[in-house]
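Enquirer: Structure of the sequence below:
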Amino acid sequence: MTVDRRPGSARTVAVLGAGSWGTTFAKILADAAGAAGSPREIKVWGRRAEVVDQINQAHRNSDYLKDIVLPASITASTDVGEVLAGADLVVVAVPAQSLRPQLREWKDMIEPGAVVVSLMKGLELGTDARMSEVISQELGLPPERIAVVSGPNLAMEIAREEPTASVVACADSATAGWLARTCTAPYFRPYTTSDVVGVEIGGIVKNVIALAVGICEGKEMGDNTKASVITRGLAETSRLALALGGEAKTMAGLAGLGDLVATCSSALSRNHTAGRLLGQGLTLDEVGRKMTQTAEGIKSGQAVHELAGKLGVEMPITAAVVAVLAGKLSVDQLGPVLLSRELKPEGDY
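Expert: A predicted model of the protein is given here:
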């Protein structure tokens, strides 16, 4: 199958991952098709039969999206081959650390010419690879067939159809535009960019900064502290993105500042919640048992720290969070460390 990405939008979509964001993005795609008056088949792959059955029979995914009603055009299956068959767009929303082995299983089932989109915000442990890089390496796809969607993407708010803007990133502007048309819903407005690196780094590092802000909140620190950590966290994110070839303007946009503010401020944020629980004195194991969804910053923090070290990029907030997660620094010691960088002009990143 050869996909013409210039006119129109995707007709058959596979969403791999039935968690909160994967299911919500399936809803966006269905609602976008409905608003455009064009038919679209959307198939979701999920590991758990009970989740798949609920999507098919009750048009809900209550484990992740409570009482949100899903469009009837969304179906689900535990058979990944059935979901991928005929799909011209493949959306991947699985935990970052499981992506590579899963892609190896799925590679031969993905249609030739299909575009693969990452909704994931993590760095792979051991390789420090971004998710688009893992997709490229495992599937052997050219840049014009790999895209990233990021921004302030709190799934429950979007599922409730609260207005949200986001970013579609792809090295090829035609593919980015095609995907943007595919996911433009009445409540979801995508912008496009070619800065895949900047968009991904923004989505990755904000999770680590959100852990820091959550810890501050758990320790009942004030808004001045949290605002300081968010702002200096953006500076850290920018330093790393620029070192990797990303663009400064991306950091000032939806995938940088926008995503950072939403993730650091909202009780719906998994990473903010995990940090708050750590700040309240729970151990990492206790946080894991209490939360039903993955807080990617817990897994990706070490990879971000390692990547920064390789590039010689100063990231003191990230280093402090990683030390807390490794048990080398207590949450009581975290506050003074967060802003411990040497004195210098603010604009000197």
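Enquirer: Please confirm that residue 288 is located within a helix.
Expert: Yes - according to DSSP: H, G, I helix; E, B strand; the rest coil, residue 288 belongs to a helix.
Enquirer: burial of it, as a residue count?
Expert: Applying other Cβ atoms under 10 Å, we find 14 residues neighbouring residue 288. No exception for glycine: its C-beta is placed from N, CA and C like everyone else's.
Enquirer: And the pLDDT at it?
Expert: Looking at residue 288, its pLDDT reads 85.
Enquirer: With the one 3 residues further on instead?
Expert: Listed pLDDT for residue 291 reads 84.
Enquirer: now do residue 6
Expert: We have a pLDDT of 42 for residue 6.
Enquirer: First-to-last residue distance for stretch 109-116?
Expert: Using Cα to Cα, to the nearest Å, the end-to-end distance of stretch 109-116 comes to 13 Å.
Enquirer: Now do the buried residues in it.
Expert: 110-111, 114-116 (16 or more other Cβ atoms under 10 Å).
Enquirer: Among those residues, which one lies nearest to residue 98?
Expert: residue 116 (15.8 Å; Cβ to Cβ).
Enquirer: nearest spatial neighbour of that closest one, skipping sequence neighbours?
Expert: The shortest distance from residue 116 to any non-neighbouring residue, by Cβ to Cβ, 6 or more residues apart in numbering, is to residue 90 (4.8 Å).
Enquirer: Are we agreed that the one you found is in a strand?
Expert: Yes - secondary structure of residue 90 (three-state DSSP): part of a strand.
Enquirer: That one contacts residue 109, correct?
Expert: No - proximity of residue 90 to residue 109 does not meet the contact threshold set by Cβ atoms under 8 Å, at 9.5 Å.
Enquirer: what residues are shared contacts of these two?
Expert: Applying Cβ atoms under 8 Å, 6 or more residues apart in numbering, one finds that residue 90 and residue 109 are jointly contacted by residue 84.
Enquirer: And the buried residues of stretch 109-116, which is closest to residue 65?
Expert: Distances from residue 65 to those, taken by Cβ to Cβ, are shortest for residue 116, at 24.0 Å.
Enquirer: what's across from the closest one in the sheet?
Expert: Beta bridges link residue 116 to residue 90, residue 146 when assigned by DSSP bridges.
Enquirer: quick one, what contacts it?
Expert: When contacts are counted by Cβ under 8 Å, 6+ apart, residue 116 touches 90, 92, 110, 135, 139, 141, 145-147.
Enquirer: Could you pull out the helices in the stretch 151-300 of the chain for me?
Expert: 155-159, 173-182, 196-218, 223-243, 248-251, 259-265, 270-279, 284-290, 296-311 (DSSP state H, counting those that start in this stretch).
Enquirer: most packed of those helices?
Expert: By mean neighbour count, with neighbours taken as mean count of other Cβ atoms under 10 Å, helix 196-218 ranks first of those at a mean of 29.
Enquirer: Next, the angle helix 223-243 makes with that one.
Expert: Angle of helix 196-218 versus helix 223-243, following axes from the mean of the first three to the mean of the last three Cα atoms, to 10 degrees, is 160 degrees.
Enquirer: Where does pLDDT dip in the stretch 201-349 of the chain?
Expert: Residue ranges of the stretch 201-349 of the chain with pLDDT under 70: 338-349.
Enquirer: try 50 this time
Expert: For the stretch 201-349 of the chain, applying pLDDT under 50 flags no range at all.
Enquirer: my read: residue 254 touches residue 190, true?
Expert: No - using Cβ under 8 Å, residue 254 is not in contact with residue 190, being 9.3 Å away.
Enquirer: which residues do those two both contact?
Expert: By Cβ under 8 Å, 6+ apart, residue 254 and residue 190 have these common neighbours: 165-167.
Enquirer: Residue 76 - how many residues pack around it?
Expert: Residues near residue 76, counting by other Cβ under 10 Å, number 26.
Enquirer: what about it, which helix or strand?
Expert: strand 74-77 (DSSP states H and E).
Enquirer: if we can go back for a sec, need the helices of the stretch 151-300 of the chain in a markdown table with distance to residue 76, can you?
Expert: What follows is these, written out as a markdown table (distance: least, Cβ to Cβ, whole Å):
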| stretch | distance to residue 76 |
| --- | --- |
| helix 155-159 | 16 |
| helix 173-182 | 19 |
| helix 196-218 | 25 |
| helix 223-243 | 35 |
| helix 248-251 | 34 |
| helix 259-265 | 27 |
| helix 270-279 | 22 |
| helix 284-290 | 26 |
| helix 296-311 | 23 |
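Enquirer: out of these, which comes closest to residue 84?
Expert: Comparison of those against residue 84 by Cβ to Cβ identifies helix 173-182 as nearest, at 17.0 Å.
Enquirer: What is the closest one packed up against?
Expert: On a contact count with 3 or more Cβ pairs under 8 Å, 6 or more residues apart in numbering; DSSP states H and E, helix 173-182 meets helix 20-36, strand 115-118, strand 146-150, strand 164-169, strand 188-193.
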